[in-house]
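Q: no sequence on this one, just coordinates:
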Ligand code: PAF
């Protein structure tokens with residue numbers, strides 16, 4: 001695996017691959033890798049001839065400086081994992097390569113970005129959309145692989161690629177879960193042992209709500225019960241736990257189209273998010 005930190009070198013390698021007729025996949029990450037990320041690399045390896053992984057802790061998508069400072073940075077370990085997983089090129093730019101002096105442009109996917117996460121993390125998705133657009137343009141990848149764990153992010157990335165005619169096909173990959181149902185996330189490492197034992201209650205309550213909604217129970221009641229269960233289990237604030245249209249994220253009162261339950265809740269100072277399919 002080759003590691004490059006500047007755009008010229010990246011473009012040179014990709015141009016060589018493309019001249020040889022090879023397709024290129026990209027797996028964008030912020031590092032602190034776990035098996036969920038490696039499943040994206042496997043999907044990329046299966047679907048494209050060459051695989052780029054990117055590691056960049058994007059300051060523009062952190063609305064809270066403390067969260068940015070606390071974000072785990074484990075570059076050497078991450079690079080080893082990516083090499084072992086068969087990544088061809090690791091693109092790991094310093095901040096000034098991504099945001100040079102005087103940087104003044106941002107990408108906003110309006111509507112979708114204001115919902116759910118957008119209500120609680122203002123500006124977050126503008127940061128994501130801007131950096132993902134830049135990564136697509138810098139890597140010129142034919143395909144890009146994102147986890148369904150960040151479902152809203154996945155919908156936003158699909159929309160921006162379509163709206164801006166970026167010639168990249170977006171593939172969403174299923175959420176990997178621990179044996180007790182907790183969605184894998186870099187943030188899980190920040191949970192205390194006691195909170196780690198409580199954490200699966202979120203997915204458990206969402207799954208139970210999904211089952212009763214599929215069986216015809218009133219949506220509002222099922223969601224209220226799920227929020228109460230999460231709090232009774234020991235979570236702090238449940239920021240949202242809602243049924244939404246799978247693609248447009250519009251609020252749903254009944255299950256009349258492909259849908260997801262999406263949730264965000266606090267546990268011991270760590271903000272966990274999750275989502276599940278509830279399509280009938
Ligand atoms: O999902 C993430 O890790 C980040 O939001 C992404 C897509 C790498 C953009 O910084």
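A: Yep, it's here. As the structure is a computational prediction, the values presented were derived from the model and not from experiment.

Q: which residues does residue 131 contact?
A: Shown in contact with residue 131 (Cβ atoms under 8 Å, 6 or more residues apart in numbering): 28, 56, 58, 60, 61, 98. No exception for glycine: its C-beta is placed from N, CA and C like everyone else's.

Q: got it, and residue 266?
A: With Cβ under 8 Å, 6+ apart, residue 266 has these contacts: 235, 236, 237, 238, 239, 272.

Q: and the residues you listed, which two are the farthest apart?
A: Among those, the pair separated by the greatest distance (Cβ to Cβ) is 237 and 272, at 11.4 Å.

Q: who's more crowded, those two?
A: residue 272 (21 against 13; other Cβ atoms under 10 Å).

Q: gap between that one and the ligand?
A: 15 Å (Cβ to the nearest ligand atom, to the nearest Å).

Q: ok but that residue is inside a strand, no?
A: Yes. Counting by DSSP: H, G, I helix; E, B strand; the rest coil, residue 272 is located in a strand.

Q: rewinding a little: overlap of the contact sets of residue 237 and residue 272?
A: 265, 266.

Q: distance between stretch 86-93 and the chain's centre?
A: Put simply, stretch 86-93 sits 19 Å off its chain's centre (Cα atoms, centre = their mean, to the nearest Å).

Q: list of residues touching that stretch?
A: With Cβ under 8 Å, 6+ apart as the criterion, stretch 86-93 contacts 1-7, 10, 13, 27, 41, 45, 50-56, 75, 79, 82-83, 135, 138-139.

Q: in ChimeraX, how would I select the buried members of those residues?
A: To isolate the buried ones among the contacts of stretch 86-93 in ChimeraX, judged by 16 or more other Cβ atoms under 10 Å, type:
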select :3,4,7,10,13,27,41,45,50,51,52,53,54,55,56,79,82,135,138,139
